[in-house]
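1. 3D, please:
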Amino acid sequence: MAAHRPGHRSTAVSPRRRGESVTAEVAGRVDLEEAAAICRAAAIGAGGDPGAVEVVADPLDATGWVHLPASAVPAAVNGLRARGMAAVAVNDHRVHVTGWDVRLLRWRLGVLLAGIDTLTAHPDFTADLVGYHHDRRAAAGGPVEAWAVLTDVEATLRAATPLPHPAPHVNDLDSLLELVTAADDAHERWIGVHLDYAERSSPRCPRTDTTTGRPDRSG
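-> Sure, this is the predicted structure:
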């Protein structure tokens, strides 16, 4: 297979494959800027060059084509779908983004609502995370910086994906996007609340003595 050249757009696309990625539940509107950001993050996560990611709007059907390193394709497709976008890997270095999928958006909304409920009801979980990440870093040797522990806590909070709550069965795309945006904002606020709580609780959070396995009361 020929290597992809930046700026090159192949026209060898199977009509059947393109047709498979479009259903009645997919709105023909693509947020290319958001799609590009997701794919660049996937490229970075895969150890690739985010500058190699290229997004091209298809003038025929208003969909989008993303050229990116082959190692980033699986994560890019998963990331796009997690955000509510219908996406399919056409080959080793190209993803076709056909638009918002209301079913994926409803799933995303349900996941956000479940996350909000968890963050609202269980602030003590964050104190446990602070203690765990502090002790994990301490066991590795060297000084433990508070900012590093908080970074670990934030990464854990953001990586958690709870099973979704039932979401409103909304089919209107604009209304659904508004609900998702509102839930996303609320989720971000609650993560901020938990990080503030983690920062306050960090000096007082009981640590584990790694030699005895018991709480360390020395300081």
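2. where are the low-confidence patches of this structure?
-> 1-28, 203-219 (pLDDT under 70).
3. Tell me which stretches of it form helices.
-> Along the chain, counting by DSSP state H, helices occupy 15-20, 32-45, 73-83, 102-121, 124-139, 146-159, 173-201.
4. domain parsing for the protein?
-> 18-101, 103-216 (automatic domain parsing).
5. In a markdown table, list the ones you listed along with mean neighbour count.
-> From N, CA and C alone the C-beta is placed, and that goes for glycine too. Below are the domains of the chain laid out as a markdown table (neighbours: other CB atoms under 10 Å):
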| stretch | mean neighbour count |
| --- | --- |
| domain 18-101 | 18 |
| domain 103-216 | 15 |
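6. just to revisit the earlier point, out of the helices of the chain, which is closest to residue 60?
-> helix 15-20 (9.7 Å; CB to CB).
7. how close does the residue most central in space within the chain get to residue 156?
-> Most central in the chain under CA atoms, centre = their mean is residue 79, positioned 5.9 Å from the mean C-alpha point. According to CB to CB, to the nearest Å, residue 79 and residue 156 sit 18 Å apart.
8. ok, now residue 195?
-> From residue 195 to residue 156 the distance is 11 Å (CB to CB).
9. do residue 192 as well
-> 15 Å.
10. next one: residue 173
-> Relative to residue 156, and taking CB to CB, residue 173 is found at 33 Å.
11. repeat for residue 118
-> Taken as CB to CB, the span from residue 118 to residue 156 is 13 Å.
12. Please apply the same query to residue 179.
-> Distance from residue 179 to residue 156, by CB to CB: 26 Å.
13. Same check on residue 83?
-> 20 Å.
14. What of residue 131?
-> From residue 131 to residue 156 the distance is 12 Å (CB to CB).
15. what does residue 30 give?
-> Where residue 156 is concerned, residue 30 sits at a distance of 32 Å (CB to CB).
16. swap in residue 112?
-> 17 Å.
17. Equivalent analysis for residue 74, please.
-> 23 Å.
18. what's the answer for residue 81, then?
-> 22 Å.
19. go on, residue 163?
-> 18 Å.
20. and if you look at residue 190?
-> 14 Å.
21. Name the surrounding residues that touch stretch 160-175.
-> The contact list for stretch 160-175 (CB atoms under 8 Å, 6 or more residues apart in numbering) reads 27, 29, 100, 102, 105-107, 109-111, 113-115, 117-118, 176, 179.
22. same question, stretch 143-156
-> With CB under 8 Å, 6+ apart, stretch 143-156 has contacts from 126, 129-130, 133-134, 136-138, 191, 194-195, 198-199, 202.
23. Pull the most distant pair out of those residues.
-> 138 and 191 (24.7 Å).
24. wouldn't residue 198 be in contact with residue 125 here?
-> No: look at residue 198 against residue 125 with CB atoms under 8 Å: they stay out of range, at 10.3 Å.
25. What are the phi and psi values at residue 61?
-> phi -130, psi 10 (degrees, to the nearest 10).
26. Let me know the distance separating the residue nearest to residue 179 when sequence neighbours are not counted from residue 200.
-> Among residues not flanking residue 179 along the chain, residue 109 sits closest, at 5.8 Å (CB to CB, 6 or more residues apart in numbering). Computed as CB to CB, the residue 109 to residue 200 distance reads 31 Å.
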